[in-house]
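Q: Coordinates for the following, if possible.
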Amino acid sequence: MHPAKPGAKEKLDSIRPALVELSHRIHSKPELGFEEEHASVWLSETLDGAGFRVEKGVAGLPTAFVARAGSGPLHIGICAEYDCLPGIGHACGHNLIAAMSAGAGIAAAKVADELGVTITVLGTPAEEVGNASGKIVMLEGGAFDGLHASMMVHPAPFDVSTMKLIAASMFDACYHGKEAHASAFPEQGINAADALTIAQMSLGLLRQHIRQSDRIHGIVTKGGDAPNIVPAHTSAKYIIRADTLAELEELRERVVRCFEAGALATGSRLEILGGDKPYANVIHDMEMAAIYERNAQAAGRKFADLGPMRDRVAASTDMGNVSHKIPSIHPAIGIDSLPASNHQPEFTAACITAAADQAIYDGALAMAWTIADLATSDQTRSRLMAKH
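A: Numbers count the residues shown, from 1 in each chain. Down below sits the predicted model:
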């Protein structure tokens with residue numbers, strides 16, 4: 001074990017109760033994407049108190065921040081997420097990500113000068129919004145410039161070093177028709193609800209002829225105003241996913257035609273909003289992932305062998321966009337939640353259990369130790385720094 005690792009662990013041990021308290025506090029006050037005022041402040045205060053130089057409101061986002069410590073030539077970024085899901089709170093465990101990333105940053109900063117690294121914790125809001133999210137806006141705004149590598153760890157039912165994380169695009173499909181009395185003068189109306197029904201039927205038929213790795217799913221967000229009024233305005237929010245951005249674009253063209261069919265059949269007008277800044281598939285840096293897995297195992301974690309299930313259990317994240325620019329990892333850490341899994345209310349409850357609290361410590365330690373290994377391997381250090 002490199003001499004820096006015990007120092008990082010000692011620092012993490014000293015702040016462990018504070019990290020658990022931070023996680024529980026964020027969990028108790030869930031905030032939607034771009035509205036994470038409390039979580040952003042609490043994280044900034046925690047990092048400022050640990051000696052980080054904190055810049056708030058990064059890239060024009062009020063709840064984004066960048067916190068930096070150390071001044072070494074190798075520059076490592078740790079991404080913190082802290083937004084919640086509508087209705088079910090922290091059912092994706094971003095309270096744990098926030099505490100883990102802060103803990104990893106503080107632990108690594110303790111030995112930053114010894115390792116010759118600069119540590120940056122990036123507060124990245126609105127991961128759940130599905131389009132033009134925090135990391136994408138921050139990438140465009142230069143917040144990731146100068147980083148040689150980036151990492152974060154996401155809670156899940158089990159530990160996996162390289163999750164299958166595919167490309168995704170979220171958009172709203174809106175139909176504009178014409179109101180009329182649904183009984184007395186229906187012929188005077190243009191039924192926007194019928195347009196949406198036709199689109200959904202078309203999508204159902206399309207699913208038979210897409211790749212097994214593709215995904216199409218959505219919800220109706222407006223179906224009309226009253227049953228005795230021909231609906232003039234309807235809308236739906238959809239997410240489409242594919243293994244790569246190129247495959248996603250192919251799928252998008254076919255999906256849009258299904259929505260266009262609804263407009264053509266009814267005479268309504270279709271408006272597509274969003275979907276212009278999709279999430280990229282995550283490109284795992286396999287060397288970094290292997291280093292993380294070894295360090296997580298040293299911390300006591302056991303990794304699942306999912307077999308064929310690995311390709312089926314697919315999600316998406318704007319960390320994919322980061323990974324296309326900077327060598328990155330996005331492993332999963334288990335919180336003993338089964339049978340509950342992400343995006344279920346039962347998973348929300350699991351994110352403040354003893355197992356979840358343990359995951360905060362283990363994930364933070366594994367990331368801090370991974371940073372130490374990246375910094376002390378001449379070959380790995382040179383490879384990462386050569387990227388920029």
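Q: thought Leu47 was touching Ala67?
A: Yes. Applying C-beta atoms under 8 Å, one finds Leu47 in contact with Ala67, separated by 4.0 Å. For every residue, glycine as well, the C-beta is placed using N, CA and C.
Q: so the residue lying closest to Val121 once chain neighbours are set aside is in which element?
A: Nearest non-adjacent residue to Val121, counting by C-beta to C-beta, 6 or more residues apart in numbering: Gly105, 4.0 Å away. Secondary-structure element containing Gly105, defined by DSSP states H and E: helix 94-110.
Q: what distance separates whichever helix or strand comes after that helix from the centre of its chain?
A: Where DSSP H and E defines the elements, the next helix or strand beyond helix 94-110 is helix 112-115. Remark: helix 112-115 is offset 29 Å from the chain centroid, using C-alpha atoms, centre = their mean, to the nearest Å.
Q: what mean pLDDT does helix 112-115 have?
A: The pLDDT scores in helix 112-115 average 95.
Q: The next helix or strand after it - contacts with which helices or strands?
A: Downstream of helix 112-115, the first helix or strand assigned by DSSP H and E is strand 117-123. Here strand 117-123 touches helix 37-49, strand 65-70, strand 74-80, helix 94-110, helix 354-376, going by 3 or more C-beta pairs under 8 Å, 6 or more residues apart in numbering; DSSP states H and E.
Q: Minimum distance to Met385: which of these has it?
A: Among these, the nearest to Met385 by C-beta to C-beta is strand 74-80 (6.1 Å).
Q: Domain-wise, how is the chain divided?
A: 4-165+281-386, 167-274 (automatic domain parsing).
Q: CSV for those domains, including mean neighbour count?
A: Output for those, formatted as CSV (neighbours: other C-beta atoms under 10 Å):
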stretch, mean neighbour count
domain 4-165+281-386, 21
domain 167-274, 18
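Q: Relative to the whole chain's centre, how far out is the helix or strand of the chain with the lowest mean pLDDT?
A: Least confident element among the helices and strands of the chain, by mean pLDDT, DSSP states H and E: helix 309-312 (a mean of 73). In this view, helix 309-312 has its centroid 19 Å away from the chain centroid, taken as C-alpha atoms, centre = their mean.
Q: Stretch 54-68 - what's its average pLDDT?
A: For stretch 54-68, mean pLDDT rounds to 97.
Q: Please apply the same query to stretch 232-250.
A: 97.
Q: other SSEs contacting the following helix or strand past the least confident helix or strand of the chain?
A: Following helix 309-312 in sequence order, the next helix or strand is strand 314-315 (DSSP H and E). Under the contact definition 3+ C-beta pairs under 8 Å, 6+ apart, strand 314-315 sits against strand 164-165.
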